[in-house]
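In: Sequence and predicted structure, then a few things I'm wondering about:
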Amino acid sequence: MAALSSQFGDLVEIKKQLTVIIALCRERGLMHSVKWASELAFALDPLPLNELPPPPPFTEEDAQDLDAYSLAKSFFDLKEYDRAAYFLRGCRSQKAYFLYMYSRYLSGEKKKDDETVDSLGPLEKGQVKNESLRELRVELSKKHKARELDGFGLYLYGVVLRKLDLLKEAIDVFVEATHCLPLHWGAWLELCNLVENKEMLKSMSFPDTWMKDFFLAHIYTEMQMIEEALQKYQSLINVGFSKSTYIISQIAVAYHNIRDIDKALSMFNELREQDPYRIENMDTFSNLLYVRTMKPELSYLAHNLCDIDKYRVETCCVIGNYYSLRSQHEKAALYFQRALKLNPRCLGAWTLMGHEYMEMKNTSAAIQAYRHAIEVNKRDYRAWYGLGQTYEILKMPFYCLYYYRRAHQLRPNDSRMLVALGECYEKLNQLVEATKCYWRAYSVGDVERMALVKLAKLHEQLNESDQAAQCYVIYIKEIFECGELMEQVELSTAFRYLGQYYFKNKQYDDASICAQRCCNYNDAREEGKSLLRQISQVRGQGETSSSDLSLPFIFGPLSAKNTPVRRMSPLNLSSVTP
Amino acid sequence: MASVHESLYFNPMMTNGVVHANVFGVKDWVTPYKITVLMLLDEMTISTSITLLDRRRLNKLILPLLQSPDMTLSELIKTVEDSCPQLAYTVHLRLQLMADGELKDMEHFFDMLPSPFNETESEAHKTSVVGLFMRHMVLAYNKLSFSQVYKLYTALQQYYQSYERKDSPAAEPAEDTDMELTNTEELGGKMEKEELDLTPSDDEVSTRGPLSQKQAEYFLAQQAYLLKNDENKALDPAALQKELNNMLKFNPDFAEAHYLSYLNSMRVQDIFNSTDSLLHYFDRLILPGGDSKSNGDEGCGRSLRYAALNLAALHCRFGHYQQAELALQEAIRIAQESNDHVCLQHCLSWLYLLEQMKGSDSTLTEHAVKMAVHFCLPYLASLGIQSLVQQGAVGGKTANKLMDALKDTDLLHWKHSLSELIDVSIAQKTAIWRMYGKSTMALQQAQVLLSMNSLEPVNLGVQQNNSEAFAVALCHLSELHAEQGLFAAASEILKHLRERFPPHSQHAKLWMLCDQKIQFDRAMNDGKYHMADSLVVGIAALSKTEGLYRKALVLKARNQTTEAYKVLQRLLLYCEKIKGTEMTIRVMLSLAELHWSSSCHAVALPLLLRSLAVSREYHLQYLASECILHLAFSQLMLGIPEQALNILHMAIESILAHGALLDKGRAMLLVAKCQIVTASSEPSKQQKTQALEVAVQNLEEAGTYFTKVDCKERVRDIYYLQARLYHSLGKTAERNKCAMLFRQLNQELPSQGVPLITRL
């Protein structure tokens, strides 16, 4: 942490650097990097006039190319890339050269998109490629070998390599670009998409600047290493970036990923306050509102976004969520389709559309949608899970096992997949496997708190009464610790079972406590009473200590959760795991 | 604005949320290759100077040209040149003119294409293959937009120029198709070379043009057919997978490709990929066809059932029987819910297969057969009968009933021309005859199968011949040849098997086991026990019981009696548990032999009698004669040679008729031994001499048998006996000769511990 704060010690210096890089990026038409850097610069205090950094040095070559550059830049800004490239072709300066190459690249990309629409048939569609990539690569690699590329040139070379699917080379070039020009966020961002796992990340060497912390935090979020990411972001906030909307949005997304809904919601609300016209990440926000069924908020968000720009993917997703929450699934599906039309590689929309079709009982369409989502990204666990659910609804428990397993592989610590797997195994009468799943679901932290009850019931079926009782005890304990008394049905069954269990084991005190508890619930009242009667009968035969019966009332909830555990102590919990 | 709005609501690719693969009904489109083919067709109709023979060759060429994936121009011209060089030249010239000309040449060409509608007498009648192709092309061409036409023309130019460059040796060979795009003036050829060196993979991909829907379908159908019928002719697994991945990358909706990928993964026993592809295929298939709105739900449910069924089949093939059963239960449940009897029937036949794997009785199968007949599913019915026959044969049903049943199914097969099942049936007959010990009949049946022409139309130059039935028949054939000492023939057959069923394929285990068994037998005959021992491991890997049995044999031959006894006892228990009758009898015989080596001939008798009874009960005639042989030997050793000779007469006939050479030799040797012993009790000297001479003859015969199978030890024994006999007959010359031969062999062979007398 000390190192971090020392790096960030001079916020003024950082601000200066940001100002410089903004100008540089703008000159080269790298608008996303400009946006990122400006957002960050905005979060820092403004500089006084005398502190403002001088404009970048103007070389002889720059001066020569100035007119051609200005003309080409205006064409570039108007998306006339070929024209821009034409006027830049003879320029010698770095800036003009980059713009020249970049406009050639963009022109190729644009033509590729146009071609795709105009292609001859579905099988040929994939054959359309950016024809200029190979030429660009040849020229850039020549320059690269001669070490004539600056940081921006390296970045462009990396992009070209990535587009040609030469990922290994691309990574090397991007790393070089970050060393050469650490302030350019675009190169870091490309690396985020290319680095696949932790080991890969560890094996790479990055320049030791404050940008590295932003990069690491970003990539941790991508790789679902949420704890580390949050830590990084918190420290960034501590050193003075507390106003950055970028950081706030990243934190919100991170909380969303670990399903810490409350914190995520509060972060998003803060974000909305600071940047009310922001559309990015709002689909994530709407997902959270959806999960919490906050109808008015979602409605407000949807209308607000629709006012800002209704032809954005995020807007369509938010509106889709809104309709979904209102159970107007046809309309919801329509809006997700619209989002997909705007961006066919929008993964979230495919999955969400699958959910909508599920709601509409259109299973085949749902399967299609989920499959599309998987095609876009094989690691989308929600789509795998959705497929599993679809087949489960079609009453094919064995068939859906495969899908749940895939989902589980992707999210090994998510209890929902484990519970789903357990349910399937239960349906297939593979009780041992089912117990394994439920136990694992409980161990990784059960979200819905159903795993234990299911586990207990399974143990009941398997005639393993000790384990069953134990599960119920833990379950009751957890519920009382949370202080939520929502799942009364399951609580009553738990007490009912425990009462019988203790009665059989002749632990009459505990049995009567449980029986008393049963009487609190409507569905178990009769049984509780009859159990109490039985207990008093047995006691009446053995010893006349009916006065004990009043004791449990004093114990209250505390004893209910403590006593059984003490009794259970000889049984080791780990024995439950088969 | 309104138009934008509409376009958002209307998505041609989606109806009811389902994306259709074939959006615009475009199955085919114009490519430079197809233009060239069109030119060829055009030339063929115009030109009058083509000889009849050439024309016939060209006509044969047309269909493959239309169906195959796009070729490069050099390939195409070469193909045409083979049939008619003159025409190839004309086409080349026309293409050159068009490519070197202007866009209008191409437009003109399509205008001038002889319209199949106008000419009634034209070869390109509008419903003919050629006519349809032409119409498709003209239609596809007319549909092209402005920019597409230009793109097509540049593609054509490129197509031609790449050929030109390859053709002229002066040009740099490294310059390839794609380099056309690069501005050659700007960059030196050196740079291009370097570029090519850097990305060889890119180049490889780009040489093959994209497949049209039609070509892709044809490709899939062809490969699937080859996979089913003659795997070796299909693309090898890696290449095929690459091709499929390529296809799927560009068109993920092409569900059939996923199925082929599943089949392909099965070839290499890759469970992960095959499961993935199978499920993917059914996920894609579930979309109901656009036209079947009335039974859309039905179609969806149907594919679900078959999805579960296929999953069961997959697990079954990988040997996950429990998983298979679960999947099958699911399929059955869904099929029952929707009253799909046909699917249920398929499930039932899988179910009894699974039950059989677990070794339960045949009631389920019988039931399945009855139901299949009821629902008119001849394939399933006769499949059921065949598996019933198999169970019956192992379970000792009488032969006439089995053969009757097989005959009935054969009637069914021929009636419905189920050629696959005919093969299976013949292979089964081979196996049954072999089991009964009628080697001649088995041989005949195997030959019938091999020389039979398949009923299916010969397609793509392959006959259906890589089924399991063929593998089984060929294995039997090679074993039968090996038994008769025709080792060269046997290894020839095995070589063929190895080619036809490469080691990674599904039925390769059959011939592998067969090969090792033959080698083992040879090694044992030759007395090379260390070699036999090394083969045991391989056999055990393929078949556990067989491996154990062979191990016991090696131990026995090495006089490690106790170990051999232990192994055999274990094996006996196991075989009785799994009801492996043949093996049980063999084990009992080996046990009896062990008793002999410790001179407990009386103890061996009950064992032998029991095995005789069992083999008679199960109609295993050959094993029964083997038992008799053993019994006779025991009796001989117990001093009742007359009795031994008596029962030998029962067995000798069938052994000489059907037996392996080794067994024949052993039988003759035993006869001779008995004769020698009985001769000593003959009253008159003349009779004695006569009897001995007969014995000598029999020994001679046994000797020839043993020599044929390289059984030197036994040959040595024969020489010894012969020498002794000649000695007592007073034929000194012959005696000396035999003695000399014996001495030669004796020096050659290490002396084994087993005394000559205690061996059969």
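Out: Great, that's in hand. Residues are numbered from 1 along each chain as shown, chains lettered A, B, ... in the order given.

In: Downstream of the helix or strand that contains A:C25, the next helix or strand is which one?
Out: Using DSSP states H and E, A:C25 maps to helix A:11-27. Of the helices and strands lying after helix A:11-27 in sequence (DSSP H and E), the nearest is helix A:31-43.

In: Quick one: distance of that next one to the chain centre.
Out: 24 Å (Cα atoms, centre = their mean, to the nearest Å).

In: Is A:P412 in a helix, a strand, or coil?
Out: coil (DSSP: H, G, I helix; E, B strand; the rest coil).

In: ok, for it, nearest residue in space, not its chain neighbours?
Out: Excluding its sequence neighbours, the residue lying closest to A:P412 (Cβ to Cβ, 6 or more residues apart in numbering or on different chains) is A:V444, at 7.8 Å. For glycine as for every other residue, the C-beta is placed from the backbone atoms N, C-alpha and C.

In: Report how many residues lie close to that neighbour.
Out: Per other Cβ atoms under 10 Å in any protein chain shown, the neighbour tally for A:V444 reads 16.

In: for A:R92, same thing?
Out: 12.

In: Is it in contact with A:E61, as I believe?
Out: Yes - under the contact definition of Cβ atoms under 8 Å, A:R92 touches A:E61, with a separation of 4.9 Å.

In: about what we covered before: list the contacts for the residue nearest to A:P412?
Out: Residues near A:V444 by Cβ atoms under 8 Å, 6 or more residues apart in numbering or on different chains: A:P412, A:N413, A:D414, A:S415, A:L418.

In: contacting residues for the second one?
Out: It stands for A:N413. By Cβ under 8 Å, 6+ apart, the neighbours of A:N413 are A:V444, A:G445.

In: follow-up on the earlier one: now tabulate the contacts of A:V444 in JSON lines and tack on pLDDT.
Out: Shown next, in JSON lines, are the contacts of A:V444 (pLDDT from 0 to 100):
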{"residue": "A:P412", "pLDDT": "82"}
{"residue": "A:N413", "pLDDT": "80"}
{"residue": "A:D414", "pLDDT": "82"}
{"residue": "A:S415", "pLDDT": "84"}
{"residue": "A:L418", "pLDDT": "89"}
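
In: tell me the two of these that are most distant?
Out: Taking Cβ to Cβ, the two most distant members of these are A:P412 and A:S415; they sit 10.6 Å apart.

In: neighbour count winner among the two?
Out: Between A:P412 and A:S415, counted using other Cβ under 10 Å, the more crowded position is A:S415 (23 against 10).

In: Grab the nearest non-local neighbour of B:L66.
Out: Closest to B:L66 by Cβ to Cβ, 6+ apart is B:F133, at 5.5 Å.

In: Roughly how far does the one you found sit from B:A140?
Out: Per Cβ to Cβ, to the nearest Å, B:F133 is found 11 Å from B:A140.

In: Who has more neighbours out of the two?
Out: A count of neighbours by other Cβ under 10 Å puts B:F133 above the other of B:F133 and B:A140, at 23 against 20.

In: Read off the pLDDT value for the more buried one.
Out: On pLDDT, B:F133 comes in at 83.

In: do you know how far it is from B:L76?
Out: 15 Å.

In: for A:G153, same thing?
Out: Counting by Cβ to Cβ, the gap from A:G153 to B:L76 is 44 Å.

In: now swap in B:S478 and tell me
Out: From B:S478 to B:L76 the distance is 45 Å (Cβ to Cβ).

In: More neighbours: which of the two?
Out: Taking neighbours as other Cβ under 10 Å, B:S478 and B:L76 compare with B:S478 leading, 27 against 23.

In: for the closest residue to chain B within the stretch 301-450 of chain A, helix, strand, or coil?
Out: Closest contact between the stretch 301-450 of chain A and chain B, by Cβ to the nearest Cβ, is at A:A365 (3.4 Å). At A:A365 the chain is in helix, as set by three-state DSSP.

In: right, and it touches A:Y357 too?
Out: Yes - applying Cβ under 8 Å, one finds A:A365 in contact with A:Y357, separated by 4.3 Å.

In: What separation is there between the closest residue to B:K233 other than its chain neighbours and B:K214?
Out: Distances taken as Cβ to Cβ, 6+ apart place B:L226 nearest to B:K233, at 5.1 Å, with adjacent residues excluded. Separation of B:L226 from B:K214 (Cβ to Cβ): 19 Å.

In: try B:S654
Out: Counting by Cβ to Cβ - B:S654 and B:K214 are separated by 62 Å.

In: quick one, strands of the stretch 401-550 of chain A?
Out: For the stretch 401-550 of chain A, strands defined by DSSP state E, counting those that start in this stretch do not occur.

In: Residues of it that sit close to chain B?
Out: Residues of the stretch 401-550 of chain A lying near chain B by Cβ under 8 Å from any Cβ of the partner chain: A:Y402, A:Y403, A:L428, A:Q430.

In: Pull out the buried residues from these.
Out: A:Y402, A:Y403, A:L428, A:Q430 (16 or more other Cβ atoms under 10 Å in any protein chain shown).

In: What does the residue of the stretch 501-650 of chain B found nearest chain A show for phi and psi?
Out: Residue nearest to chain A within the stretch 501-650 of chain B: B:Q506 (23.0 Å; Cβ to the nearest Cβ). Backbone geometry at B:Q506, expressed as degrees, to the nearest 10, gives phi -70, psi -40.

In: List the residues that contact it.
Out: Applying Cβ under 8 Å, 6+ apart, the residues contacting B:Q506 are B:M266, B:R267, B:R317, B:E468.

In: Give me the buried subset of these.
Out: Buried among the contacts of B:Q506 (16+ other Cβ under 10 Å): B:M266, B:R267.
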